[in-house]
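Undergrad: prediction below, plus the sequence it came from.
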Amino acid sequence: MAYAQRDQPEGVPPLELTGERTLPDVPEENYWYRRHLAVYEWIAERCEGLKVVDLACGEGYGSDLLATRAAEVIGVDANPEAHEHARLRYQRPNLRFQRTLVEEFDEQVDAVVFLQTIEHIHEPDRLLERIGSISRTAYISTPNRLTLAPPGADKSDNPWHLHEYDATEYRALMAAHFDHVELLGVLHARRLRLHELAIRLGWDRIHPAARLTKPFYDRFVPAISSKDFKLSRDDLDQALDFLAVCR
C-alpha cells in the first residue's frame with residue numbers, strides 16, 4: 001500500500017513514502033517522523049546563532065526546525081522531488097535548499113547535521129573526512145543494528161542500508177575522523193516506554209484476541225510526539241538510534 005503526504009500547502013507537491021526517508025503528514029509514519037524530530041529538536045537547541053548545513057535533508061522539516069534557532073541553514077539533498085518539495089514548503093529568510101550530493105557540499109559551516117543517512121553511504125570514511133574539514137561540530141546519527149536487525153544478523157532487511165552499526169563500531173568509525181566523540185542513544189520515553197512495558201506483560205497476546213489491534217493503533221500511532229523519545233548516554237546497546245556529537 002502506498003502512502004503519501006496529506007493536506008499540503010497549495011502549490012506544494014506531496015511526497016510519497018518510499019522507505020528511503022521519513023515524512024511528516026503521513027499518520028501511519030508518525031512514529032518514525034517523531035523519532036527523527038526528537039533528535040532535530042535536541043540539536044536545534046545547540047545551534048543558536050550558527051551557520052548549519054543539514055545534509056540529506058529529505059523533505060526539509062528538519063532544516064526548517066533548525067532555522068528557528070540557527071543564524072543560517074542550508075538543506076542539502078540530491079533527490080529532485082524532495083528538493084522541490086522542501087524549497088516550496090519551507091521558506092524563511094535564513095533557510096535555503098541546495099540540490100547536490102552530500103559528498104559534494106563544500107561550504108564552510110559551524111555545524112553539520114547528518115541524520116539517519118551514514119548507513120546509506122558507500123564510502124563513509126571519505127564523507128566523514130570531508131565533514132570534518134568543513135565544520136567545527138558534526139551531529140551524525142544512525143540506527144542501532146542491535147535493535148533494528150534480527151539477533152545475530154549483519155543488518156536489517158532495509159534495502160537502502162549498506163551497513164548498520166552497534167555502539168562500539170559506530171564510535172570507532174567516528175573516532176577515526178574526529179578528536180572528540182560523544183555518543184548518545186535515542187530511547188523510548190513516556191507513552192512509548194509504557195507501551196514497551198505493556199508488551200512485556202503480554203499486551204501483544206491480548207489485543208489480537210480482543211480484536212483491538214486496529215482501533216488501538218489507529219489512535220496510538222498518530223498520538224506519538226517527539227517527547228515520547230529521549231536522548232541518553234546510558235543503555236546504548238538498547239538504543240533505537242545513535243547520535244554522535246563530533247568535534
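TA: Arrived safely.

Undergrad: hang on, Pro143 is in a strand, isn't it?
TA: Yes - remark: Pro143 belongs to a strand, assigned using DSSP: H, G, I helix; E, B strand; the rest coil.

Undergrad: shouldn't it be in contact with Leu240?
TA: Yes - using Cβ atoms under 8 Å, Pro143 makes contact with Leu240 at a distance of 7.0 Å. In short, each C-beta sits where N, CA and C put it, glycine included.

Undergrad: the more surrounded of the two?
TA: Under the criterion of other Cβ atoms under 10 Å, the comparison of Pro143 against Leu240 puts Pro143 first, with 24 against 16.

Undergrad: contacts only, for the nearest residue to that one once chain neighbours are set aside.
TA: For Pro143, ignoring the flanking residues on the chain, the nearest one in space by Cβ to Cβ, 6 or more residues apart in numbering is Asp241 at 5.3 Å. Taking Cβ atoms under 8 Å, 6 or more residues apart in numbering, we find Asp241 in contact with 35, 39, 116, 141-144, 185-186.

Undergrad: how far away is Asp241 from Arg200?
TA: 21 Å (Cβ to Cβ, to the nearest Å).

Undergrad: what's the most centrally placed residue in the chain in contact with, if anything?
TA: With distances taken as Cα atoms, centre = their mean, the residue of the chain nearest its centroid is His36 (3.8 Å). Going by Cβ under 8 Å, 6+ apart, His36 touches 22, 62, 115-116.

Undergrad: phi first, then psi, for the residue nearest to Val26 when sequence neighbours are not counted.
TA: Spatial nearest neighbour of Val26, excluding adjacent residues (Cβ to Cβ, 6+ apart): Tyr3 at 5.1 Å. Tyr3 adopts backbone torsions of phi -120, psi 140, taken as degrees, to the nearest 10.

Undergrad: one more: Tyr170?
TA: Taking degrees, to the nearest 10 as the convention, Tyr170 sits at phi -70, psi -40.

Undergrad: I'd like to know how many residues surround it.
TA: Neighbourhood size, Tyr170 [other Cβ under 10 Å]: 25.
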